[in-house]
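Student: only geometry, no sequence info:
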Ligand code: UDP
């Protein structure tokens with residue numbers, strides 16, 4: 001039974017795994033604080049959440065799936081174009097849903113929504129919030145440095161820096177260290193289809209019209225960048241910024257034992273294999289939910305693993321639809337590394353792997369969730385960024401927070417086997433590796449303190465809840 005006086009928020013995440021995973025966890029956090037959440041997303045996503053979370057989902061979270069157009073999810077189409085199609089398809093159905101929530105509230109036990117929380121890429125929800133006279137808060141599941149860059153877009157457009165030409169240096173964003181073109185999101189590059197920019201840029205500019213921004217970061221990690229996004233130069237409308245991360249399942253911080261019932265067969269296999277390894281000995285390799293390495297990069301990586309003869313590794317290998325492990329990997333690789341490597345090709349909960357005591361390093365694309373999950377598990381990183389804001393995350397990891405080691409790449413952007421071998425040996429066995437591991441463990445403690453009672457992120461969460469509740473009394 002839902003409480004008729006409870007604050008009710010409509011949550012609209014961007015329909016990709018990397019945005020939905022923290023969104024559903026944040027919805028759980030709000031539910032635990034007494035909110036009713038109507039969680040609205042493309043149907044293929046809500047179906048996946050029902051399957052993965054099942055009855056574990058809070059009863060205060062109601063999932064609503066917006067109809068998918070089959071033809072939009074075209075595996076062969078450009079990923080940016082596909083994304084625009086899926087997102088634009090959601091607009092009318094989302095408006096109808098919000099309308100229904102207001103209409104039905106008269107007869108139902110669910111009160112009308114008092115705000116919309118929506119992903120920064122779905123800024124059309126700003127106009128819908130306006131229509132219904134409720135505030136829209138932006139959900140920003142990336143770093144504060146990335147937020148600073150995105151809020152600064154009007155200046156970048158004015159100065160001709162965005163769309164981004166290759167190799168621009170010393171780009172100034174007040175409050176951040178000097179950037180170069182690699183630090184700006186890769187989808188701002190001129191080479192990305194214009195159709196994407198025509199959607200993305202207006203969407204980013206509209207963040208400035210929102211009522212506040214919820215950022216998946218924490219003060220102790222990104223103090224300078226958080227200060228920067230609060231300055232007038234970047235945030236002229238003085239939007240409140242709520243750094244309330246890291247957003248991870250609450251049971252992660254409580255170090256609860258794993259419920260075997262909830263594990264997939266693949267996850268059980270990974271955990272059993274990790275149980276048989278020694279502490280901090282395993283290199284975990286994964287590039288998130290979207291990136292697929294080039295065949296050449298896969299080969300170079302495999303050659304490096306071949307060369308690191310004693311190194312245990314767990315590799316989540318995503319391949320293009322046409323390839324198989326047997327064709328993508330060097331001949332004999334699987335049999336040569338069988339005793340020290342586990343390769344899997346299906347989804348497995350990454351936090352389970354990262355938080356296992358045998359995991360000692362992470363070769364990663366440095367997606368923001370992966371970066372935070374690694375830091376919160378005290379595991380140092382070896383970044384091999386692929387796109388979006390991963391290059392900037394990677395720079396922060398290696399140069400600023402010093403929780404990872406830099407991997408050299410050739411002129412064609414491929415990291416060659418020799419460089420990977422050096423990087424892996426340094427990370428897993430060298431003194432540089434020990435230093436970044438110890439720094440990662442310090443940051444792990446700071447992350448746990450930030451979300452605990454009296455911590456900085458806990459305070460930001462309470463501030464947001466108060467602001468949202470205040471809109472309850474004024475609307
Ligand atoms: N993930 C996972 N298992 C996989 C691949 C990815 O659990 O096999 C999760 C990972 O833990 C993270 C998210 O998917 O929470 C990926 O987000 P990230 O920001 O790292 O990268 P993206 O997938 O958006 O590029």
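Tutor: Yep, that arrived. Model, not experiment: these values are computed from the prediction.
Student: Neighbours of the residue of the stretch 301-450 of the chain found nearest the ligand, how many?
Tutor: Distances between the stretch 301-450 of the chain and the ligand by CB to the nearest ligand atom are smallest at residue 367, namely 2.3 Å. Backbone N, C-alpha and C define where each C-beta goes, glycine included. The tally of other residues near residue 367 (other CB atoms under 10 Å) stands at 26.
Student: again, but for residue 445
Tutor: Other residues within reach of residue 445 by the criterion other CB under 10 Å amount to 12.
Student: Quick one: mean pLDDT for stretch 224-243?
Tutor: For stretch 224-243, mean pLDDT rounds to 98.
Student: Got the phi and psi for the residue in the chain sticking out farthest from the centre?
Tutor: Outermost residue of the chain with respect to the C-alpha centroid, by CA atoms, centre = their mean, is residue 107; its distance is 37.9 Å. The phi/psi pair for residue 107 (degrees, to the nearest 10) reads phi -100, psi -10.
Student: If I look at it, what pLDDT would I see?
Tutor: The model's pLDDT for residue 107 equals 81.
Student: residues from the stretch 351-475 of the chain in reach of the ligand?
Tutor: Where proximity means CB under 6 Å from any ligand atom, the interface of the stretch 351-475 of the chain facing the ligand comprises 351, 367-370, 373.
Student: let's go with 8 Å and repeat that
Tutor: Counting by CB under 8 Å from any ligand atom, the residues of the stretch 351-475 of the chain lying close to the ligand are 351, 354, 364-371, 373, 386, 388, 390.
Student: quick one on the thing from earlier: ok, the residue of the stretch 301-450 of the chain closest to the ligand - contacts?
Tutor: Listed by CB atoms under 8 Å, 6 or more residues apart in numbering, the contact partners of residue 367 are 18, 288-289, 291, 388, 390, 393.
Student: and the host helix or strand of residue 83, anywhere near the ligand?
Tutor: When elements are assigned from DSSP states H and E, residue 83 belongs to helix 79-104. No: applying CB under 8 Å from any ligand atom, one finds helix 79-104 out of contact with the ligand, separated by at least 10.9 Å.
Student: Can you show me the strands along the stretch 101-250 of the chain?
Tutor: In order along the chain, the stretch 101-250 of the chain carries the following strands (DSSP state E, counting those that start in this stretch): 115-119, 136-140, 213-215, 241-243.
Student: could you dump those strands to a markdown table with distance to the ligand and mean neighbour count?
Tutor: What follows is the strands of the stretch 101-250 of the chain, written out as a markdown table (distance: least, CB to the nearest ligand atom, whole Å; neighbours: other CB atoms under 10 Å):
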| stretch | distance to the ligand | mean neighbour count |
| --- | --- | --- |
| strand 115-119 | 12 | 26 |
| strand 136-140 | 13 | 27 |
| strand 213-215 | 14 | 25 |
| strand 241-243 | 17 | 25 |
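Student: I'd like a version of these in a markdown table, one that adds distance to residue 192 as further columns.
Tutor: What follows is the strands of the stretch 101-250 of the chain, written out as a markdown table (distance: least, CB to CB, whole Å):
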| stretch | distance to residue 192 |
| --- | --- |
| strand 115-119 | 19 |
| strand 136-140 | 21 |
| strand 213-215 | 24 |
| strand 241-243 | 28 |
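Student: so what secondary structure elements neighbour the helix holding residue 83?
Tutor: Applying 3 or more CB pairs under 8 Å, 6 or more residues apart in numbering; DSSP states H and E, we find helix 79-104 packed against strand 8-12, strand 36-42, strand 61-66, helix 124-131, helix 194-205.
Student: Make JSON lines out of the ones you listed and add distance to the ligand, mean neighbour count and mean pLDDT.
Tutor: Formatted as JSON lines, the helices and strands packed on helix 79-104 follow (distance: least, CB to the nearest ligand atom, whole Å; neighbours: other CB atoms under 10 Å; pLDDT from 0 to 100):
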{"stretch": "strand 8-12", "distance to the ligand": "17", "mean neighbour count": "25", "mean pLDDT": "97"}
{"stretch": "strand 36-42", "distance to the ligand": "15", "mean neighbour count": "25", "mean pLDDT": "97"}
{"stretch": "strand 61-66", "distance to the ligand": "18", "mean neighbour count": "19", "mean pLDDT": "96"}
{"stretch": "helix 124-131", "distance to the ligand": "20", "mean neighbour count": "18", "mean pLDDT": "98"}
{"stretch": "helix 194-205", "distance to the ligand": "16", "mean neighbour count": "16", "mean pLDDT": "95"}
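Student: for this protein, where's the lowest mean pLDDT among helices and strands?
Tutor: helix 250-253 (a mean of 86; mean pLDDT, DSSP states H and E).
Student: so, in contact with the ligand or not, it?
Tutor: No: contact check for helix 250-253 against the ligand, using CB under 8 Å from any ligand atom: none in range, with a minimum separation of 11.1 Å.
Student: helices or strands up against that helix?
Tutor: Helices and strands in packing contact with helix 250-253 are listed as helix 17-32; criterion 3+ CB pairs under 8 Å, 6+ apart.
Student: The same query, at a cut-off of 10 Å, please.
Tutor: helix 17-32, helix 350-354, helix 368-376, helix 431-451 (3 or more CB pairs under 10 Å, 6 or more residues apart in numbering; DSSP states H and E).
Student: would JSON lines of those helices with mean pLDDT be doable?
Tutor: Supplementary listing: the helices and strands packed on helix 250-253 in JSON lines, determined by pLDDT from 0 to 100:
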{"stretch": "helix 17-32", "mean pLDDT": "97"}
{"stretch": "helix 350-354", "mean pLDDT": "97"}
{"stretch": "helix 368-376", "mean pLDDT": "98"}
{"stretch": "helix 431-451", "mean pLDDT": "98"}
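Student: Point out the most buried one among those.
Tutor: helix 368-376 (a mean of 25; mean count of other CB atoms under 10 Å).
Student: That helix packs against which elements?
Tutor: helix 17-32, helix 219-229, helix 250-253, helix 350-354, strand 359-364, strand 381-383, helix 390-395, helix 431-451.
Student: Please enumerate residues in contact with the shortest one?
Tutor: Outside strand 381-383, the residues that touch it by CB atoms under 10 Å, 6 or more residues apart in numbering are 283-285, 361-366, 370-371, 374-375, 390-391, 393-398, 401, 403-407, 415, 420, 423-424, 426-428, 433, 436, 440.
Student: buried set for stretch 287-295?
Tutor: Taking 16 or more other CB atoms under 10 Å as the neighbour-count basis, stretch 287-295 is seen to contain the buried residues 287-289, 291, 293.
Student: Not counting sequence-adjacent ones, nearest residue to the most centrally placed residue in the chain?
Tutor: When the chain is reduced to its mean C-alpha position, the closest residue under CA atoms, centre = their mean turns out to be residue 369, at 3.6 Å. When the adjacent residues along the chain are set aside, residue 369 lies closest to residue 18, with 5.6 Å between them (CB to CB, 6 or more residues apart in numbering).
Student: The one you found against residue 288, yeah?
Tutor: Yes: in this structure, residue 18 sits in contact with residue 288. The criterion is CB atoms under 10 Å, and the distance is 6.4 Å.
Student: Mutual contacts of the two, please.
Tutor: Overlap of the contact sets of residue 18 and residue 288 (by CB under 10 Å, 6+ apart) consists of 367-370, 388.
Student: Of those residues, which is the nearest to residue 89?
Tutor: The nearest member of those to residue 89, counting by CB to CB, is residue 388 at 21.8 Å.
Student: Helix, strand or coil: sort out that closest one for me.
Tutor: Reducing the assignment at residue 388 to three states with DSSP: H, G, I helix; E, B strand; the rest coil gives coil.
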